[in-house]
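Undergrad: Got a sequence here, can you build the structure:
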Amino acid sequence: MFFGILKAIILGIVEGITEFLPISSTGHLIIVDQFVKISSNKAFTTTFEYVIQLGAIIAVVLLYWKRLWPFGGGKTEKQRFNIWATWVKVVVGVIPSVIIGFLLNDWMDKHLMNWLVVSIALIVYGIAFIFIENYQKNRRPRVRTINHLTLADVLKIGFFQVLSIVPGTSRSGATILGGLSIGVSREAAAEFSFFLSIPTMLGVSVLKIGSYLHSHGMFSGEQIVILLVGMFVSFVVAYVVIKWLLRFIQIHDFKAFGWYRIILGVLVIALGAIGIID
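TA: Reported below is the predicted structural model:
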């Protein structure tokens, strides 16, 4: 039990750091998993990696509670309208991934979950971040806040989110890149990516839990403890990381993450080529 909890803490930290940074949590977990295996049960390991995302979702909800919860006193009619409008945009934004992602997710996991695909995705999107930041360098953002996003804008970002079903792409990376490419400011692109994560990650986590329960029955007491520890750690770390990222992009661009992705992609290729990653 002790070592299981220790592994859950390590993986929770990795998840919390990488989920909302555009650097691919999958790319990191595929490396860490070679040295820190949460369980010999592959089905439980896969479920764990999805379920601990719930902790990161709670971090987003708490950080943005006032901007996401339309009920209660102290809000003007305009504020309530903006909150409901934001949720409409989130729902529209997740439609592409709900339809396309639901149909292709299992196929992608079965055929593309390997180190070569992950490394290529890391490098390609790393280059894309550097390119789009250089392209937008001297251009003023067309959209500065989420309130100014149109339904057409959020639908485009939603289609970018579909790309994240390819392992190594990064859900946050795909949506932020999509926002930047259509002229959304870094802050608005990052925040809308956070909001999109709520229904997206919640839905995927619930599906994975349901799939596990259907195929393998109830979780054991030890497995439940490990899941809860992983979720809690990812929540705490994600909370800190989100606040840090928002401060970082106020004075920096995303190119640093692009270079990081390229370096990580090369590392994954090297580890795969010498057989460390199977």
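
Undergrad: List the residues that contact H148.
TA: A188 (CB atoms under 8 Å, 6 or more residues apart in numbering). All C-beta spots, glycine's among them, are computed from the backbone N, C-alpha and C.

Undergrad: That should have said R247, apologies.
TA: Contact analysis of R247 by CB under 8 Å, 6+ apart lists nothing.

Undergrad: next one: the stretch of helix or strand it belongs to to chain centre, how far?
TA: Element membership for R247, per DSSP states H and E: helix 221-248. Distance of helix 221-248 from the chain centroid (CA atoms, centre = their mean, to the nearest Å) equals 13 Å.

Undergrad: Also stretch 94-109?
TA: 15 Å.

Undergrad: Repeat that for stretch 105-118.
TA: 17 Å.

Undergrad: and what of stretch 126-140?
TA: Chain-centre distance of stretch 126-140: 21 Å, with CA atoms, centre = their mean.

Undergrad: Going by neighbour count, which residues in that stretch are buried?
TA: By 16 or more other CB atoms under 10 Å, the buried positions in stretch 126-140 come out as G126, A128, F129, I130, I132, E133, Q136.

Undergrad: Can you tell me which of the residues you listed lies closest to V225?
TA: Ranked by distance to V225 (CB to CB), the buried residues of stretch 126-140 are led by G126 at 36.8 Å.

Undergrad: what is the rounded mean pLDDT of the helix holding R247?
TA: Mean pLDDT, helix 221-248: 95.

Undergrad: So G72 lies in a strand, does it not?
TA: No: according to DSSP: H, G, I helix; E, B strand; the rest coil, G72 belongs to no strand; its state is coil.

Undergrad: coming back round to it: reformat the buried residues of stretch 126-140 as CSV; add secondary structure, distance to G230 and pLDDT.
TA: Output for the buried residues of stretch 126-140, formatted as CSV (DSSP: H, G, I helix; E, B strand; the rest coil; distance: CB to CB, whole Å; pLDDT from 0 to 100):
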residue, secondary structure, distance to G230, pLDDT
G126, helix, 27, 97
A128, helix, 30, 97
F129, helix, 28, 97
I130, helix, 33, 97
I132, helix, 33, 96
E133, helix, 33, 95
Q136, coil, 37, 89
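
Undergrad: ok, these vs D278, which is closest?
TA: Minimum distance to D278 across those is 23.8 Å, recorded for G126 (CB to CB).

Undergrad: Please name the spatially closest residue to that closest one (chain neighbours excluded).
TA: The shortest distance from G126 to any non-neighbouring residue, by CB to CB, 6 or more residues apart in numbering, is to R261 (3.1 Å).

Undergrad: Count residues in the vicinity of that neighbour, would you?
TA: Using other CB atoms under 10 Å, R261 has 30 neighbouring residues.

Undergrad: so it touches S24, yeah?
TA: Yes: the pair R261 / S24 is scored as a contact, 7.0 Å apart, by CB atoms under 8 Å.
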